[in-house]
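sequence-free structure coming up:
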């Protein structure tokens, strides 16, 4: 007797369906598109940095580098270690579009790692702290070669040194100088790689400021800014910090490569505090407001582009709608 149960015909079966890509459908048109895209990025334009919370192994479309808008210039991977083979292959693929990937070297993360160790073992010494921080810094810098990154983004928040007592101040300066000496040593052997600073210039030890000219871009920590005036004040604060450090000498803070940082709204933010400005009682999107600030004229400094934090949040917004609008504002018809 032949079985006719529902189980015989309702079991799911995996079907391998291949949908041809634009590249496969018309190779010549795609080649022409890539040529125009590379020409656009080689010419003067407002550059676009984005940060990406990449998983160890991408499973969903929103976790793939290849779906980021083509007009983005740099993707900074917030989790630069333990990249999957898939992600490495995507890094190669997007390079065809002149999109470069940067490994995020976040000093705050390293300090947090050490502090957790110190909490469990209070007998650990400052010498051991420096050794640990040095080893972790070197390991992260080595990722650039290991995974084929196009460069690094050095994130350093820092804190105000005003009012610090002598011993904490000395420790703060020594750790900072130690960290950046490792970065500068790496840069000397990787002059072909991109190097970007992301942080508060005003919290740098004056002795560390001379290194800033080695960075291709300086991203200002402005994600918490609430309007365009605050963006301008942040840039001027960085310039003033350089003037105070220089005295009668040349300002060590280069003003021809400033990037403003912004962030996108989060679905989990019920109060709508993240990714928004509130000016005169009117709420507006921070990313778009920052983009409009970028294209304004300035005599004191150059507004070179934008840094959009954690753009994977924007994938579900009509496939990066906010990021595309930001790009259009800064580089019309691109």
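Nice, I can see it. What you are looking at is a predicted structure, and each value in this text was computed from that prediction instead of being measured.

Please, where are all the strands along the stretch 51-200 of the chain?
Under the criterion DSSP state E, counting those that start in this stretch, strands of the stretch 51-200 of the chain are mapped to 74-77, 100-106, 151-156, 194-199.

Please state the offset of the second one from the chain centre?
With C-alpha atoms, centre = their mean, to the nearest Å as the basis, the distance from the averaged C-alpha position of strand 100-106 to the chain average is 7 Å.

quick one: secondary structure of residue 222?
Per DSSP: H, G, I helix; E, B strand; the rest coil, the secondary structure class of residue 222 is coil.

Am I right that it is in contact with residue 290?
Yes - at 7.5 Å, residue 222 counts as touching residue 290 under the criterion of C-beta atoms under 8 Å. Just so you know, the C-beta spots here come from the backbone N, C-alpha and C atoms, and that holds for glycine as well.

Name the residues contacting each of these two.
Common neighbours of residue 222 and residue 290, using C-beta atoms under 8 Å, 6 or more residues apart in numbering, are 231, 260-262.

Which member of these is positioned nearest residue 298?
Of all those, residue 231 has the smallest distance to residue 298: 10.4 Å, by C-beta to C-beta.

my guess is residue 228 contacts residue 291, does it?
No - taking C-beta under 8 Å as the definition, residue 228 is not a contact partner of residue 291, at 10.7 Å.

which of those two has more neighbours?
residue 291 (26 against 17; other C-beta atoms under 10 Å).

Model confidence for residue 208, exactly?
Confidence at residue 208, expressed as pLDDT, is 93.

The residue nearest to it when sequence neighbours are not counted: how many residues sit nearby?
In space, not counting the residues next to it along the chain, residue 208 is nearest to residue 180; the distance is 5.3 Å by C-beta to C-beta, 6 or more residues apart in numbering. Residues lying near residue 180 (other C-beta under 10 Å) number 24.

what do you get for the one 4 residues further on?
For residue 184, the tally of surrounding residues (other C-beta under 10 Å) stands at 14.

Please name the nearest non-neighbouring residue to it.
Nearest one to residue 184, counting by C-beta to C-beta, 6+ apart, is residue 211 at 5.6 Å.

Tell me how far that neighbour lies from residue 107.
Relative to residue 107, residue 211 is positioned 14 Å away (C-beta to C-beta, to the nearest Å).

show me where pLDDT drops low in the stretch 201-334 of the chain?
334 (pLDDT under 70).

Sketch out the helices for the stretch 1-150 of the chain, chain order is fine.
Using DSSP state H, counting those that start in this stretch, the helices of the stretch 1-150 of the chain run over 7-10, 22-25, 27-42, 85-95, 107-120, 126-147.

So what touches the fifth one?
It refers to helix 107-120. Residues from elsewhere that reach helix 107-120, judged by C-beta under 8 Å, 6+ apart: 124, 129, 132-133, 136-137, 140, 154-157, 175, 179.

Kindly recompute the last result at 7 Å.
Residues outside helix 107-120 that contact it (C-beta atoms under 7 Å, 6 or more residues apart in numbering): 124, 129, 132-133, 136-137, 155-157, 179.

and those as TSV, adding distance to residue 193 and neighbour count?
Listed next are these as TSV, based on distance: C-beta to C-beta, whole Å; neighbours: other C-beta atoms under 10 Å:
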residue	distance to residue 193	neighbour count
124	34	14
129	28	19
132	25	16
133	22	19
136	20	19
137	16	21
155	16	20
156	18	21
157	23	13
179	18	22
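
Quickly name whichever of these is closest to residue 167.
residue 129 (13.5 Å).

what's the spacing between residue 70 and residue 196?
Computed as C-beta to C-beta, the residue 70 to residue 196 distance reads 20 Å.

likewise residue 246?
23 Å.

Can you pick out the residue with more neighbours from those two?
Shown here are residue 246 and residue 196; by other C-beta under 10 Å, residue 196 has more neighbours (22 against 15).
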